[in-house]
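# the following comprises the amino acid sequence and a computationally predicted model.
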Amino acid sequence: MSTSVALNLEKDSEKRDRRQLESILTQGGAKNVHRKQLCCPFHDDKHPSASINEAPSGFWYFHCFVCDIHEDVWALRSRVTGIPVGEVLKEALPSSRPQQTQTARQPKPQAENFATIDELIESYRRRNPHSQIEEVNAYTDPSTGHADFYTLRIKPPDKEKTFRQVSKSEQGWQWTGLSGRAPLFNRGRIEKCERVLIVEGEKCVREVTKIGLANIAATTSPGGAMNAAKADWTPLTGKKCYIWRDNDEPGKKYEADVIAELMKLDTQVYRVRVEDLGLDPKQDVADYISEESMTNAEKVAAVELCLFDAEPLNVTSALEDKFTRIIAGEFRSIPFPQKPQLSDGSKAVMPGCLTTIVGEPGAGKSFLVLEDFWRWILAGESVKLMMLEDDSAFHQNRVLAQMSGCSDLLDPEFVAENPQTAADTLNAFRDRLETVSRHIEIANEQMTLPEIGKWVINHAKNGVRIIIVDPVTAAKSTDKPWIEDQKFLFEVKPVLECTGASLILTTHPRIGQAGKPSLSGIAGGASYPRFSQCVLWLRNLDQSQESRAWDGYLTRTVTHKQTIQIRKARNGKGQGKHIAVNLNHQNLCFDEFGVIESSVSE
């Protein structure tokens with residue numbers, strides 16, 4: 001039976017098709033399924049990354065761009081219940097009984113039940129004779145002494161291994177997980193021990209348990225490295241917990257998720273320094289103690305030594321580490337050159353910070369970031385600037401005009417009439433201009449957001465402290481830009497936090513929102529104001545304005561044509577403040593006058 005035939009069973013009612021999707025997603029743990037975007041129940045989704053969509057052919061499907069799931073109601077029902085898709089479709093087919101009226105509701109397919117776990121396994125083997133069940137892992141409830149949950153590791157022919165969950169209902173054993181949080185493996189031993197070693201996979205639990213560590217229980221959560229946040233970790237309350245991840249990227253994700261869960265409990269947490277153990281990629285604790293020449297006593301000693309050297313993590317360790325880095329000068333906010341009030345109020349260039357600068361047409365946002373860029377370079381900071389518009393000569397000309405204080409150099413007629421002045425100025429600033437230009441990259445063709453993301457991540461991992469993209473809205477558009485925006489930030493932000501790099505993106509207001517600074521008025525998806533720690537809005541006033549401004553020492557009356565409004569400042573104390581600035585048309589640099597206290601007209 002093909003999927004298309006099964007889909008035709010529901011085509012008589014598109015509304016019912018969507019309701020069935022919503023129902024099975026709710027069964028899988030999704031919330032707010034009626035919204036346009038929702039959190040995916042199949043990964044730790046703190047921000048909506050999934051949606052329910054209607055295909056041109058009329059059927060409805062669920063899509064998550066993070067998990068790369070693109071499934072109809074039948075495939076989703078198989079995913080949630082654990083029943084193979086073929087069985088789901090068989091249950092949904094009309095029987096040989098007389099056809100009910102078209103308006104009658106189709107009964108919901110019921111999961112197949114088995115009296116014992118052995119019967120369930122035998123049924124699977126009969127229907128899948130070429131698949132091999134490599135592991136059957138019983139999750140025993142300590143209060144009853146009986147298993148209430150199983151995970152099975154299955155190797156289909158010519159496919160990657162897969163893990164399936166089995167739980168018991170009043171009707172019997174079913175191919176489905178438990179509702180709510182999943183239990184931990186080896187709970188009975190956890191109750192008896194003061195120390196717990198958290199590993200990835202039931203196989204590792206068995207290997208560690210086999211060597212007989214004193215007063216320590218090994219455990220893991222079901223569902224693989226991506227589902228740690230869905231487990232019930234409360235049995236570890238009051239325990240001393242050690243995390244030993246696999247030596248790969250999914251292992252790092254698992255470690256981070258487990259740490260986040262344990263930090264919510266009254267638990268002592270330690271991280272085994274897997275990166276120092278000399279393991280090959282993807283190896284785990286079972287590989288570490290698998291050397292045939294090692295005696296059992298040597299294996300116990302090797303594991304205990306790793307636990308002794310484990311890095312302690314507690315609720316205040318992150319803050320302690322931050323203070324240590326601040327004192328050592330490694331964690332610092334880099335100020336905007338010659339803009340002390342903006343720097344202090346926004347703290348926009350903190351390690352790991354994402355800053356969005358919104359510039360109205362003609363306000364001079366490119367001059368603003370270009371000036372800060374080359375001043376940072378000459379001050380010895382590590383900076384990279386990606387210009388998505390115009391060529392290298394265009395931007396070098398602007399830098400030279402700012403450095404020399406001669407805006408006339410941007411006028412071709414002036415250069416033509418004053419060739420010696422232009423040549424002398426270029427020669428005087430050539431060395432500095434050469435230094436700065438090596439840190440500017442020009443997009444030779446229109447880049448996509450994924451390409452920009454790779455560029456940012458590459459420089460962040462290579463130790464660049466400040467990364468600037470001007471303007472991010474020049475990226476090649478797609479039919480779903482809000483999805484691309486969110487995916488771009490999801491990929492970039494963890495790298496910024498890990499490396500301590502700061503990212504500055506320039507953009508512009510939405511159409512019709514110029515002169516109305518607000519987070520909702522920023523061009524692009526809602527992800528930019530949501531995930532930026534700092535949002536600065538450079539506003540061009542209709543005419544020069546007189547304001548009373550505090551420059552850090554005194555309040556004075558100033559005349560200015562622009563303001564920089566701090567719309568968001570997670571790290572600074574200036575949110576909501578307006579900074580009086582002026583684009584100096586002689587040198588094309590910005591003069592900062594101070595925080596506006598009031599307009600003179602007031």
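That came through, no problem.

# what helix or strand is residue 386 on?
strand 383-387 (DSSP states H and E).

# check contacts around the closest residue in space to residue 475 that isn't next to it in sequence.
Spatially, and ignoring its direct neighbours in sequence, residue 475 is nearest to residue 449 (4.8 Å; Cβ to Cβ, 6 or more residues apart in numbering). In short, each C-beta sits where N, CA and C put it, glycine included. Residues near residue 449 by Cβ atoms under 8 Å, 6 or more residues apart in numbering: 472, 475-476, 484-485, 487-488.

# how about the residues you listed in CSV, adding distance to residue 272, pLDDT and secondary structure?
What follows is the contacts of residue 449, written out as CSV (distance: Cβ to Cβ, whole Å; pLDDT from 0 to 100; DSSP: H, G, I helix; E, B strand; the rest coil):
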residue, distance to residue 272, pLDDT, secondary structure
472, 40, 90, helix
475, 41, 88, coil
476, 44, 87, coil
484, 38, 81, helix
485, 37, 82, helix
487, 32, 83, helix
488, 33, 88, helix
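
# between the residues you listed, which is nearest residue 77?
Comparing these against residue 77 with Cβ to Cβ picks out residue 487 as the nearest, at 27.1 Å.

# and the closest one, how many neighbours does it have?
By other Cβ atoms under 10 Å, the residues close to residue 487 number 19.

# with residue 190 instead?
19.

# and if you look at residue 572?
Neighbours of residue 572 (other Cβ under 10 Å): 21.

# nearest spatial neighbour of it, chain-adjacent residues omitted?
residue 347 (3.7 Å).

# so what's that neighbour up against?
By Cβ under 8 Å, 6+ apart, the neighbours of residue 347 are 333, 353, 534, 569, 571-572.

# now do residue 475
Residue 475 touches 388, 446-449, 452, counting by Cβ under 8 Å, 6+ apart.

# repeat for residue 262
With Cβ under 8 Å, 6+ apart, residue 262 has these contacts: 233, 236, 241, 243, 269.

# pLDDT value on it, please?
On pLDDT, residue 262 comes in at 93.

# for the strand or helix carrying residue 21, which helices and strands make contact with it?
Using DSSP H and E, the element containing residue 21 is helix 14-27. Packing contacts for helix 14-27, counted by 3 or more Cβ pairs under 8 Å, 6 or more residues apart in numbering; DSSP states H and E, involve strand 50-54, strand 60-64, helix 73-81.

# the last one vs strand 60-64, what angle?
If you take axes from the mean of the first three to the mean of the last three Cα atoms, to 10 degrees, helix 73-81 sits at 50 degrees to strand 60-64.

# now helix 73-81 - C-alpha only, CSV.
Provided in CSV are the C-alpha atoms of helix 73-81 (Å, rounded to 0.1, in the frame of the first residue of the first chain):
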residue,chain,number,x,y,z
VAL,A,73,-0.1,12.3,9.9
TRP,A,74,0.7,8.6,9.2
ALA,A,75,4.4,9.0,9.5
LEU,A,76,4.0,11.1,12.6
ARG,A,77,1.7,8.5,14.2
SER,A,78,4.4,5.9,13.5
ARG,A,79,7.0,8.2,15.1
VAL,A,80,5.0,8.9,18.2
THR,A,81,3.5,5.4,18.8
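
# which strands or helices does it pack on?
helix 3-8, helix 14-27, helix 85-92.

# show me the shaky parts of the stretch 251-400 of the chain.
315, 317-318 (pLDDT under 70).

# about what we covered before: which of the contacts of residue 347 sits closest to residue 222?
Nearest member of these to residue 222, counting by Cβ to Cβ, is residue 353, at 36.8 Å.

# leaving out the residues flanking it, which one is nearest to residue 429?
Using Cβ to Cβ, 6+ apart, the nearest residue to residue 429 is residue 403, at 5.0 Å.

# oops, could you answer that again for residue 20 instead?
residue 73 (4.8 Å).

# so what are the sheet partners of the lengthiest strand in the chain and their directions?
If you go by DSSP state E, the chain has its longest strand at strand 534-550. Using DSSP bridges, strand 534-550 pairs in its sheet with strand 354-359 (parallel), strand 555-569 (antiparallel), strand 590-599 (antiparallel).
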